[in-house]
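1. Predicted model, plus sequence, below.
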There are 2 protein chains.
Amino acid sequence: MKRSERLVDMTKYLMERPHTLISLPFFAQRYGAAKSSISEDLAILKHTLAGNQDGILETVAGAAGGVRYIPYLGKEHAENYLEDLAVRVQDPKRILPGNFVYLSDILGNPQDLRQIGKLIATRYAYAKVDTVMTIETKGIALAQAVARYLNVPFVTARKRSKVTEGATVSVNYISSSLDRVSKMELPTRALPKGSNVLIVDDFMKGGGTLTGMQELVHEFEGSITGICVLCEADFDKEKLVSDYLSLIKIDQINQQEKVISSKPGNFLTETDFSRF
Amino acid sequence: MKRSERLVDMTKYLMERPHTLISLPFFAQRYGAAKSSISEDLAILKHTLAGNQDGILETVAGAAGGVRYIPYLGKEHAENYLEDLAVRVQDPKRILPGNFVYLSDILGNPQDLRQIGKLIATRYAYAKVDTVMTIETKGIALAQAVARYLNVPFVTARKRSKVTEGATVSVNYISSSLDRVSKMELPTRALPKGSNVLIVDDFMKGGGTLTGMQELVHEFEGSITGICVLCEADFDKEKLVSDYLSLIKIDQINQQEKVISSKPGNFLTETDFSRF
């Protein structure tokens, strides 16, 4: 196979398997090429990704070595996307009763999910994440998008007992949007004991749901690598969690005057984009 | 930019935007290259994808022309994956009370979702699909995976009234697993009138949920392009829908004897893989 064809196939192969170590001999055999040629191919790939600030090709030396594609966005990409997203979020038509915000169009759009997934995966690219966790319903799209770029499984906590899940572990939490005690649960088999968990959710008001997920992780003897939400409502009340990132921060919602204002959240300032 | 670098970037660019027409002048400008060079690049890309039976690069001639990347898997890939998946599904540990099957690990695995999404997108690659529809909770991962490869939005019907959705349209349906009348709904703004909708779901027993989604599409004056489920339970009862595809068919479940048997569903025989 010619270099040009190898490069097409290799790019596709690596992009479909983020964070997975692929050995040079594997590629050498796949293309019937010398390892030195493969090394040259990979140098081109690495260089091109870095030039666009859109992905890192990491080389691991030694006998057990190879290459690994890390989805990783540069700061400028992140700023541009989040500033654009903040403008789209502050559309008064999005305001829903109870100071909620309609985001289902964004969370159902593959191109937004690609950008959002890649952004959050950039932040945790070099952290320990075994599993992404969210709670039904709207967080699922976000969890799946992040899991795709970290290439780890995601699990979904559920708010009601379902007969169709088998054995579960459940915790109580204070749903601060509703000011009442609720229950969430996760099937026992969904999360191996001792996992490193990244918690994500679509919308955060008081943070009660996030504390529930934190407790759920602890019940599974796991560790929390981070907490990241798409939108944070920053006008409402005291937050029950402190150590979290938000992509978008909503400063105010006034339903009567149909005003909503938002801007990029602390994600931008709290993320180290310097790996390029 | 050299051809080798162009090929890496072009592969990535097209893969991230399935079913989107990209003009030759766009690439020519992006790389500062002649249109004839870009044409040669694209011929290499097309040839490589076709050789692997993993994607079609479609050329659209004329002034408004360009190229379009169509995620499309060859028959052999489909057979291999579904046969492997069927074996994984027929693990007695998956049997849940009520003859349900635990599939959350598969529906939470990015590599499975990639294959499943690509497979279903292959079947509907040349059909009219404006939106993918599913119902919460476990269908969401499937809908998102398919939507990603068709590059269209997906919407999620909900089973309970939520105050946080704004105006909704609701329908009643017979949940045949539970033999009772239930309600599902979709926000009015979620689906434009007259959309062509692909309905997907994770698990089908009697098909009652699918009839509910069909009715929901009709309430939005839409058309149904197809119905596709991941797993079909083929031992249970009469189906309420007839025209559907299943990737996996479960022939029998015996909870007491811990036996479950499954095989690829009618998806394989009903899909035309001949576009290669």
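-> Looks like it arrived, so ask away. Residues are numbered from 1 along each chain as shown, chains lettered A, B, ... in the order given.

2. what about the stretch 151-276 of chain A, any weak spots by pLDDT?
-> In the predicted model, the stretch 151-276 of chain A carries pLDDT under 70 at residues A:161-164, A:176-178, A:236.

3. Kindly report the residues of it close to chain B.
-> Contact residues (CB under 8 Å from any CB of the partner chain) of the stretch 151-276 of chain A with chain B: A:151-156, A:158, A:163-166, A:187, A:189-190. Every C-beta, even on glycine, is put in place using the N, C-alpha and C of the backbone.

4. Could you write me a ChimeraX select line covering just the buried ones among these?
-> Buried residues among those (16 or more other CB atoms under 10 Å in any protein chain shown), as a ChimeraX selection:
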select /A:151,152,153,154,155,156,158,164,165,166,187,190
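
5. how about the residues of the stretch 151-276 of chain A next to chain B in TSV, adding secondary structure?
-> Shown next, in TSV, are those (DSSP: H, G, I helix; E, B strand; the rest coil):
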residue	secondary structure
A:Asn151	coil
A:Val152	coil
A:Pro153	coil
A:Phe154	strand
A:Val155	strand
A:Thr156	strand
A:Arg158	strand
A:Val163	helix
A:Thr164	helix
A:Glu165	helix
A:Gly166	coil
A:Pro187	strand
A:Arg189	helix
A:Ala190	helix
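
6. Mind picking the two most distant members of the residues of the stretch 151-276 of chain A next to chain B?
-> Taking every pair in these and measuring CB to CB, the maximum separation is 32.0 Å, between A:Asn151 and A:Val163.

7. Residues in a beta bridge with A:Val155, which ones?
-> With DSSP bridges as the criterion, A:Val155 is bridged to A:Met133.

8. which residues sit in contact with it?
-> A:Val155 makes contact with A:Thr131, A:Val132, A:Met133, A:Thr134, A:Ala143, A:Leu186, A:Ala190, A:Leu191, B:Ser104, B:Gly108, according to CB atoms under 8 Å, 6 or more residues apart in numbering or on different chains.

9. Tell me where chain A has strands.
-> A:54-60, A:66-73, A:95-96, A:100-101, A:131-135, A:154-157, A:168-175, A:180-187, A:196-204, A:223-233, A:245-254, A:259-264 (DSSP state E).

10. For the third one, the averaged confidence score.
-> The reference is to strand A:95-96. Averaging pLDDT along strand A:95-96 yields 92.

11. Parallel or antiparallel, list what pairs with that strand.
-> strand A:100-101 (antiparallel).

12. For chain B, see how far away the spatially most central residue of chain A is.
-> Centrality entry for chain A: nearest residue to the mean C-alpha point is A:Val146, 2.9 Å, by CA atoms, centre = their mean. Applying CB to the nearest CB, to the nearest Å, the value for A:Val146 to chain B is 10 Å.

13. which non-adjacent residue is nearest that residue?
-> Spatial nearest neighbour of A:Val146, excluding adjacent residues (CB to CB, 6 or more residues apart in numbering or on different chains): A:Ile120 at 4.6 Å.

14. quick one on the thing from earlier: winner for burial among the strands of chain A?
-> Stretch with highest mean neighbour count among these: strand A:131-135 (a mean of 27; mean count of other CB atoms under 10 Å in any protein chain shown).

15. Output the contacts of A:Val155 in TSV; the columns should cover distance to B:Gly66.
-> Compiled in TSV, these are given as follows (distance: CB to CB, whole Å):
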residue	distance to B:Gly66
A:Thr131	40
A:Val132	36
A:Met133	41
A:Thr134	37
A:Ala143	34
A:Leu186	46
A:Ala190	44
A:Leu191	45
B:Ser104	40
B:Gly108	36
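
16. which residues of the stretch 1-150 of chain A fall in helices?
-> For the stretch 1-150 of chain A, helices defined by DSSP state H, counting those that start in this stretch occupy the ranges A:3-15, A:24-31, A:35-51, A:75-89, A:110-123, A:139-150.

17. Return the most buried member of these.
-> With neighbours defined as mean count of other CB under 10 Å, the helices of the stretch 1-150 of chain A peak in mean count at helix A:139-150, which reaches a mean of 27.

18. quick one, that helix and strand A:245-254 angle?
-> 150 degrees (axes from the mean of the first three to the mean of the last three CA atoms, to 10 degrees).

19. what's helix A:139-150 in contact with?
-> For helix A:139-150, the external contacting residues (CB under 8 Å, 6+ apart) are A:18-19, A:71, A:107-108, A:113-114, A:116-118, A:120-121, A:124-125, A:129, A:132-134, A:153-156, A:198, A:200-202, A:228, A:230, B:108, B:110, B:113-114, B:137, B:140-141, B:144-145.

20. let's see 7 Å
-> Residues outside helix A:139-150 that contact it (CB atoms under 7 Å, 6 or more residues apart in numbering or on different chains): A:18-19, A:71, A:107-108, A:113, A:116-118, A:120-121, A:124, A:129, A:132, A:134, A:153-154, A:156, A:198, A:200-202, A:230, B:110, B:140-141, B:144.

21. re the thing from before, identify, from the contacts of A:Val155, the entry nearest to B:Gly51.
-> Distances from B:Gly51 to those, taken by CB to CB, are shortest for B:Gly108, at 32.1 Å.

22. Quick check: that closest one touching A:Val152?
-> No: counting by CB atoms under 7 Å, B:Gly108 does not reach A:Val152; the two are 9.5 Å apart.

23. what is in contact with these two at once?
-> Contacts common to B:Gly108 and A:Val152, judged by CB under 7 Å, 6+ apart, are absent.

24. how many other residues sit next to A:Arg160?
-> By the criterion of other CB atoms under 10 Å in any protein chain shown, A:Arg160 has 12 neighbours.

25. Any chance of CSV for the helices of the stretch 1-150 of chain A, columns distance to B:Met10 and mean pLDDT?
-> Compiled in CSV, those are given as follows (distance: least, CB to CB, whole Å; pLDDT from 0 to 100):
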stretch, distance to B:Met10, mean pLDDT
helix A:3-15, 8, 98
helix A:24-31, 19, 96
helix A:35-51, 10, 97
helix A:75-89, 18, 98
helix A:110-123, 17, 98
helix A:139-150, 21, 98
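
26. Output those as JSON lines; include the columns distance to B:Lys249.
-> Below are those laid out as JSON lines (distance: least, CB to CB, whole Å):
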{"stretch": "helix A:3-15", "distance to B:Lys249": "31"}
{"stretch": "helix A:24-31", "distance to B:Lys249": "33"}
{"stretch": "helix A:35-51", "distance to B:Lys249": "41"}
{"stretch": "helix A:75-89", "distance to B:Lys249": "42"}
{"stretch": "helix A:110-123", "distance to B:Lys249": "29"}
{"stretch": "helix A:139-150", "distance to B:Lys249": "25"}
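
27. Show me which residues of the stretch 1-150 of chain A sit near chain B.
-> Residues of the stretch 1-150 of chain A lying close to chain B by CB under 7 Å from any CB of the partner chain are A:3-5, A:7-9, A:11-12, A:15-16, A:44-45, A:48, A:52, A:96-98, A:100, A:102, A:104, A:108-110, A:114, A:136-137, A:140-141, A:144, A:147-148.

28. care to break chain A down by domain?
-> Listed domain ranges for chain A are A:3-72, A:74-270 (source: automatic domain parsing).

29. quick one: which of the ones you listed is nearest B:Leu268?
-> domain A:3-72 (22.1 Å).

30. Any idea how far apart the tips of the closest one sit?
-> This stretch, domain A:3-72, spans 25 Å end to end (CA to CA, to the nearest Å).

31. same thing with stretch A:260-275?
-> End-to-end distance of stretch A:260-275 (CA to CA): 35 Å.

32. Excluding chain neighbours, what is closest to A:Ile116?
-> A:Ala145 is the one closest to A:Ile116 (CB to CB, 6+ apart), at 5.7 Å.
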